[in-house]
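J.: Please find the sequence and the predicted model below.
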Amino acid sequence: MFNALTNKLSDVFKKLGSRGVIKEKDIEEGLREIRLALLEADVSLSVVKEFMAQVKEKALGEAVIKSIRPDQQLVKIVYDELVNLLGNEEDTSLNFKSVPPAVILMVGLQGSGKTTTSAKLALKLKKKKRVLLASLDIYRPAAQEQLSQLGSQISVDVLPIVSSETPQEITKRALEVGQKGLYDVLILDTAGRLQIDESLMQEVVEIKKLSNPTETLLVADALIGQEACNVAREFNEKIGITGLVLTRIDGSSRAGAALSMKMISKAPLKFLGTGEKLEDIEEFHADRLAGRILDKGDVVSLVEKAIENIDQKEAEAQAQKMLKGKFDLDDMLNQMRQMQKLGSMSSIMGMLPGLAKYKEQIESVDADAIMKKQEAIILSMTKKERRHPDIIKASRKKRIAKGSGVEVHDVNKLLKSYEQMSTMMKQMGKLGSMSNLASHFMKKNPLMGKNPFGGFNNKFPF
């Protein structure tokens with residue numbers, strides 16, 4: 001969702017970096033462009049003013065003007081202020097300090113993704129806690145059934161539906177079931193509305209009094225734009241929220257909601273919805289998000305995602321096989337499936353430094369659809385063909401293409417990709433060990449192991 005803002009900020013820093021000597025007027029011009037970039041990203045005017053005042057004070061200081069690389073110093077200042085704005089020092093973990101079950105109250109407008117987010121949160125928590133889900137939405141058709149289906153998909157208990165109950169009655173029953181069933185956490189999915197109204201607010205206020213939640217999370221769609229400030233203000237003033245969950249950050253929103261809602265509500269961002277799958281939710285970290293906005297990536301989150309989703313033993317077995325110079329189409333298929341567990345190609349690229357500008361190109365060619373097509377091609381092959389791709393000639397290619405619903409030239413493209421990967425794996429195998437690989441990589445990349453941005457503290461991610 002940060003593509004537009006990221007690209008504009010990158011252009012500003014690139015322009016400054018291309019000038020030999022930077023004067024005060026160049027810094028001021030860069031600050032004006034940063035201000036416009038934030039406004040175009042739907043960040044509210046009040047937030048922009050406060051943010052830019054902090055940046056300007058530091059950017060026009062003597063340390064920046066006399067710096068060897070003023071553009072890098074300015075990036076550092078903007079990064080630090082983004083981290084401060086997003087709340088680096090705040091505790092973004094959930095509060096479970098209560099007599100079980102600890103209640104998490106999910107609130108927000110209709111269409112913000114509350115029900116799906118409730119299920120995502122339950123899936124994330126079930127690894128360490130016993131979770132019960134309950135839908136209080138008696139107004140939207142099939143809302144309660146939707147949560148029941150999501151609960152069954154992730155193997156999390158959902159409060160049975162009893163027709164004609166009011167949201168308040170459902171809340172009382174959920175608390176009783178939660179206590180008797182020895183659940184650690186109870187997630188209450190409240191009803192949303194198309195717009196903020198008094199009846200909604202009064203209902204949620206009553207539910208909050210009954211349930212005494214340890215967390216009241218406002219779920220908001222990142223596509224909401226300038227309206228984000230009004231939504232955050234209204235819910236915080238009338239109900240009181242302890243945290244924010246921003247959904248659809250993988251969409252085409254302009255990032256303003258993430259920056260504005262935090263500032264207006266004074267409540268910390270706790271989770272980000274990164275995709276449509278139930279696994280696509282991540283804990284919020286201000287420094288990592290600031291790194292993404294400035295196109296410096298978020299390798300830490302990518303590594304955490306890999307540890308969480310990739311089978312360690314299988315990965316080690318694959319690595320040993322590659323070091324021996326062995327690589328067949330089954331291995332290629334396994335690698336593609338491991339990649340798919342990490343999310344879409346565009347989301348992965350957004351976590352790698354300097355690659356955000358290529359996200360739109362990846363999305364335009366639909367790299368994920370291409371990967372699925374390649375998977376279908378490999379699955380249409382026999383075991384022998386996967387292990388010995390060199391036997392795949394014209395007649396076999398036609399059969400494979402027909403079986404996977406593609407053209408022969410698609411099969412040729414896949415085999416060419418395999419040959420390139422296989423050649424690379426054989427070269428890796430000749431190096432013999434992971435230590436030799438690391439040594440070889442260091443020689444090819446003399447900046448590795450050094451800090452090309454001398455003077456930055458260790459917390460700075462680039």
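T.: That came through fine.

J.: residue boundaries of the helices in the stretch 201-350 of the chain?
T.: All helices of the stretch 201-350 of the chain, identified by DSSP state H, counting those that start in this stretch, fall at 227-238, 256-265, 286-293, 299-309, 312-323, 329-341, 345-350.

J.: Select from the ones you listed the stretch with the lowest mean pLDDT.
T.: Here the lowest mean pLDDT among these goes to helix 299-309, at a mean of 55.

J.: The nearest residue to residue 378 once chain neighbours are set aside and residue 386, how far apart?
T.: Leaving aside its sequence neighbours, residue 378 sits nearest to residue 333 (CB to CB, 6 or more residues apart in numbering; 4.8 Å). In this view, the C-beta of every residue, glycine as well, is placed from N, C-alpha and C. Noted for residue 333: a distance of 8 Å to residue 386, by CB to CB, to the nearest Å.

J.: hey, what's in contact with both of these two?
T.: Residues touching both residue 333 and residue 386 (CB atoms under 8 Å, 6 or more residues apart in numbering): residue 378.

J.: so where's this protein shaky on pLDDT?
T.: Along the chain, segments meeting pLDDT under 70 span 1-8, 16-23, 61-72, 88-91, 194-196, 225-226, 250-259, 292-325, 342-367, 426-462.

J.: okay, now the domains of this structure?
T.: The chain breaks down into these domains under automatic domain parsing: 3-86, 102-297, 302-444.

J.: Which of the ones you listed sits closest to residue 93?
T.: Proximity to residue 93, assessed across these by CB to CB, is greatest for domain 102-297 (7.8 Å).

J.: Would you agree residue 340 is in contact with residue 371?
T.: Yes. If you go by CB atoms under 8 Å, residue 340 and residue 371 touch, sitting 6.9 Å apart.

J.: Now the common contact residues for those two.
T.: With CB under 8 Å, 6+ apart, residue 340 and residue 371 have no common neighbours.

J.: I figured the residue nearest to residue 378 hits residue 372, correct?
T.: No. Counting by CB under 8 Å, residue 333 stays clear of residue 372, with 11.7 Å between them.

J.: Compare those two (neighbour count), which wins?
T.: Just comparing residue 333 and residue 372: by other CB atoms under 10 Å the higher neighbour count belongs to residue 333, 17 against 13.

J.: and the gap between residue 39 and residue 30?
T.: 15 Å.

J.: the more surrounded of these two?
T.: Between residue 39 and residue 30, residue 30 has the larger neighbour count (other CB under 10 Å), namely 21 against 16.

J.: Let me see the contact set for the more buried one.
T.: Contact analysis of residue 30 by CB under 8 Å, 6+ apart lists 12-13, 15-16, 59, 74.

J.: Give me the distance between it and residue 12.
T.: Distance, residue 30 to residue 12, by CB to CB: 5 Å.

J.: same deal with residue 101?
T.: 49 Å.

J.: Likewise for residue 334?
T.: When residue 334 is compared with residue 12 (using CB to CB), they lie 42 Å apart.

J.: the more surrounded of these two?
T.: residue 12 (22 against 16).

J.: how about the strands of the chain, start to end?
T.: Per DSSP state E, the chain carries strands over the ranges 102-107, 131-135, 157-158, 185-189, 215-221, 243-247, 269-273, 281-283.

J.: And the ones you listed: which comes nearest residue 200?
T.: Closest among the strands of the chain, once you apply CB to CB, is strand 102-107, at 8.9 Å.

J.: Note down every partner strand of that closest one and its orientation.
T.: Note on strand 102-107: by DSSP bridges, its sheet partners are strand 185-189 (parallel), strand 215-221 (parallel).

J.: What lies in contact with it?
T.: The contact list for strand 102-107 (CB under 8 Å, 6+ apart) reads 94-96, 114, 117-118, 121, 175, 178, 184-190, 204, 207-208, 211-219, 235, 239, 241, 245.

J.: Output it as CSV, nothing but the C-alphas.
T.: Only the C-alpha atoms of strand 102-107 are listed here, as CSV (Å, rounded to 0.1, in the frame of the first residue of the first chain):
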residue,chain,number,x,y,z
ALA,A,102,-9.2,-12.4,28.6
VAL,A,103,-11.6,-10.6,26.3
ILE,A,104,-10.6,-9.0,23.0
LEU,A,105,-13.4,-6.7,21.6
MET,A,106,-13.2,-6.1,17.9
VAL,A,107,-14.9,-2.9,16.7
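
J.: Let me know the angle separating that strand from strand 243-247.
T.: Using axes from the mean of the first three to the mean of the last three CA atoms, to 10 degrees, one finds that strand 102-107 and strand 243-247 are set 50 degrees apart in direction.

J.: what angle sits between strand 102-107 and strand 131-135?
T.: Going by the same axes, to 10 degrees, strand 102-107 makes 30 degrees with strand 131-135.

J.: now the angle between helix 227-238 and strand 102-107, please.
T.: Using the same axes, to 10 degrees: strand 102-107 against helix 227-238 is 130 degrees.

J.: Which positions within strand 102-107 qualify as buried?
T.: 102-107 (16 or more other CB atoms under 10 Å).

J.: Specify which member of those residues is nearest to residue 270.
T.: residue 104 (10.3 Å).

J.: Verify the stated contact: residue 189 with residue 135.
T.: Yes. At 4.9 Å, residue 189 counts as touching residue 135 under the criterion of CB under 8 Å.

J.: Check the contact lists of the two and give me the overlap.
T.: Counting by CB under 8 Å, 6+ apart, the common neighbours of residue 189 and residue 135 are 115, 147.

J.: Which positions in stretch 115-128 come out as buried?
T.: Applying 16+ other CB under 10 Å to stretch 115-128 flags 115-126 as buried.

J.: likewise stretch 149-167?
T.: By neighbour count on 16+ other CB under 10 Å, the buried set for stretch 149-167 is 150-151, 154, 156-159, 167.

J.: count of neighbours near residue 141?
T.: 8.

J.: mind pulling up the phi and psi values for it?
T.: phi -60, psi 130 (degrees, to the nearest 10).

J.: how close does it get to residue 219?
T.: Distance of residue 141 to residue 219, computed by CB to CB: 20 Å.

J.: Pull the number of nearby residues for residue 231.
T.: By other CB under 10 Å, the residues close to residue 231 number 22.

J.: That one contacts residue 221, doesn't it?
T.: No. Look at residue 231 against residue 221 with CB under 8 Å: they stay out of range, at 9.4 Å.

J.: Return every residue with contacts to both of these two.
T.: Common contacts of residue 231 and residue 221 (CB under 8 Å, 6+ apart): residue 109.

J.: wait, isn't residue 376 in contact with residue 405?
T.: Yes. If you go by CB under 8 Å, residue 376 and residue 405 touch, sitting 6.9 Å apart.

J.: the more surrounded of these two?
T.: Set residue 376 next to residue 405 and count neighbours by other CB under 10 Å: residue 376 wins out with 16 against 11.

J.: Could you measure from the more buried one over to residue 332?
T.: Distance of residue 376 to residue 332, computed by CB to CB: 13 Å.

J.: Over to residue 43?
T.: To residue 332, residue 43 is 43 Å away according to CB to CB.

J.: Of the two, which one has the most company?
T.: residue 43 (26 against 21).

J.: right, and that one touches residue 260 too?
T.: Yes. Contact criterion CB under 8 Å: residue 43 and residue 260 qualify, at 5.5 Å.
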